[in-house]
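Visitor: Any chance you could fold what I've pasted below:
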Amino acid sequence: MLGPDDVGYRVVVRRHAGCRDDRALFSDVLGELTAVTAAEMTIRTRRELVRIPVTEVTHAKRVPGRRRLTATESLERLAAAGWPAPEREHLGDWLLRAAGGWTARGNSALPIGDPGRPLGAAVDAVQQWYRARNLPPKITVADPVGGRLTAELRGRGWAPSPPTLVQTADLTATADLTPTADLSATAEPAGTSGPDHRVRLATRPSAGWLAAVAGYRGALPAAAHAILTDVPVARFASIDHDGRSIAVGRGVIADDARRWLGIALVTVDPAYRRRGLGRAVVAGLARWAVEAGATRAYLQVEERNAVAVAMYSGLGFTTHHAYVTWTAPQPMDR
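Guide: Residues are numbered from 1 along each chain as shown. Model prediction:
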């Protein structure tokens with residue numbers, strides 16, 4: 001049990017939280033112990049001051065202080081800020097994200113730091129949170145920081161996605177590329193206007209830009225619009241031809257220091273691929289970001305997408321780390 005000598009330290013307290021179906025329920029509180037008396041403990045969490053009667057406490061102990069994030073963890077946090085799910089909640093230091101199922105990044109837990117409870121209980125809490133929203137529970141685990149968690153998920157039968165590479169580059173070299181593309185080899189239907197090679201940048205996504213990201217299959221969900229626009233600084237790049245966007249991309253600067261450009265959703269109409277449009281979009285975003293003061297860029301690309309990996313390599317991107325998104329098995333019908 002904790003006492004006066006523990007005041008000022010980071011602690012975790014497990015408390016009895018009632019019963020359900022004749023089964024005892026427990027919850028954990030993680031934070032700084034600010035006071036302790038014979039009757040109660042007071043803990044300052046990230047959000048509030050919590051007073052716990054001693055009679056409810058089942059276990060209590062000191063935990064290590066916050067450690068400095070690794071480079072991998074820092075970049076994962078930055079990428080999450082640049083892809084903000086409309087619903088976000090913390091489980092200790094872990095981040096839970098929900099966006100109606102649009103993209104794995106927007107609908108998976110980011111397990112960085114201390115969840116404030118034992119690992120198994122944390123995974124249980126993640127499952128409950130996502131299933132309460134009718135979403136498959138997902139946890140994105142970066143290599144090499146998630147060894148224990150990976151073993152836990154594998155033991156529970158969770159399924160891994162193919163690896164995604166998180167790549168970075170020096171923006172200066174990328175911005176020096178000329179942001180133009182070659183459409184000269186494309187046959188133009190009679191009566192259409194000539195090609196326009198310029199990369200246009202807008203502060204909001206146009207209808208044509210959104211249609212290109214949706215694959216011309218219809219409107220994106222509301223959650224997608226929230227992810228795309230709920231960032232401090234963003235630009236939506238497009239190359240337009242014959243009244244529609246044939247190549248698009250999104251760039252964001254979401255870190256407080258405004259040093260990093262995040263590149264995402266680089267999409268080229270299949271009829272116009274292999275003409276340098278994707279490279280032109282990235283170069284246009286890079287030039288804008290350098291003018292805004294950014295010096296580095298990051299992006300995420302599936303390892304199995306060999307064409308995209310090759311294109312980004314030619315733009316100076318190298319792999320910083322990789323991650324896998326694990327999905328819980330479907331619950332058995334009762």
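
Visitor: What strands line up against the longest strand that the chain contains, and which way round?
Guide: Once the chain is assigned using DSSP state E, the strand that runs over the most residues is strand 23-36. When pairing is defined by DSSP bridges, strand 23-36 lines up against strand 10-20 (antiparallel), strand 40-44 (antiparallel).

Visitor: quick one, which of the ones you listed is nearest to P53?
Guide: Minimum separation from P53 across those (C-beta to C-beta) falls at strand 40-44, 5.2 Å. For the C-beta atoms, the positions are set from N, CA and C on the backbone; glycine is no exception.

Visitor: pLDDT averaged over the closest one - what is it?
Guide: The average pLDDT within strand 40-44 is 92.

Visitor: go on, stretch 62-75?
Guide: Averaging pLDDT along stretch 62-75 gives 83.

Visitor: Pull up the distance across that stretch, start to finish.
Guide: End-to-end span of stretch 62-75 (C-alpha to C-alpha, to the nearest Å): 29 Å.

Visitor: just for the protein, where's the confidence low?
Guide: The model of the chain has pLDDT under 70 over residues 65-67, 175-197, 217, 333-334.

Visitor: Check it and tell me which residue is nearest its centre.
Guide: A80 (3.3 Å; C-alpha atoms, centre = their mean).

Visitor: returning to what we had before: what's the longest strand of the chain in contact with?
Guide: 2-4, 6-19, 41-46, 49-50, 52, 58, 63, 92, 114, 116-117, 121 (C-beta atoms under 8 Å, 6 or more residues apart in numbering).

Visitor: try stretch 92-99
Guide: Residues from elsewhere that reach stretch 92-99, judged by C-beta under 8 Å, 6+ apart: 30, 80, 85-90, 105-117, 122, 126, 129-130, 133, 135, 223-224, 226-227.

Visitor: can we see that at 7 Å?
Guide: By C-beta atoms under 7 Å, 6 or more residues apart in numbering, the surrounding residues in contact with stretch 92-99 are 30, 80, 85-89, 106-117, 122, 126, 129, 133, 135, 223, 227.

Visitor: Secondary structure element holding V248?
Guide: strand 244-253 (DSSP states H and E).

Visitor: Would you mark the buried spots in the top helix by length along the chain?
Guide: Criterion DSSP state H: the longest helix present in the chain is helix 277-291. For helix 277-291, burial by neighbour count (16 or more other C-beta atoms under 10 Å) applies to 277-290.

Visitor: Helices along this protein, start to end?
Guide: 71-81, 119-131, 147-155, 171-175, 207-213, 222-229, 277-291, 306-314.

Visitor: P163: which of those is closest?
Guide: helix 306-314 (11.4 Å).

Visitor: And for that closest one, what's in contact with it?
Guide: Contacts of helix 306-314 (C-beta under 7 Å, 6+ apart): L165, Q167, G278, R279, L299, V301.
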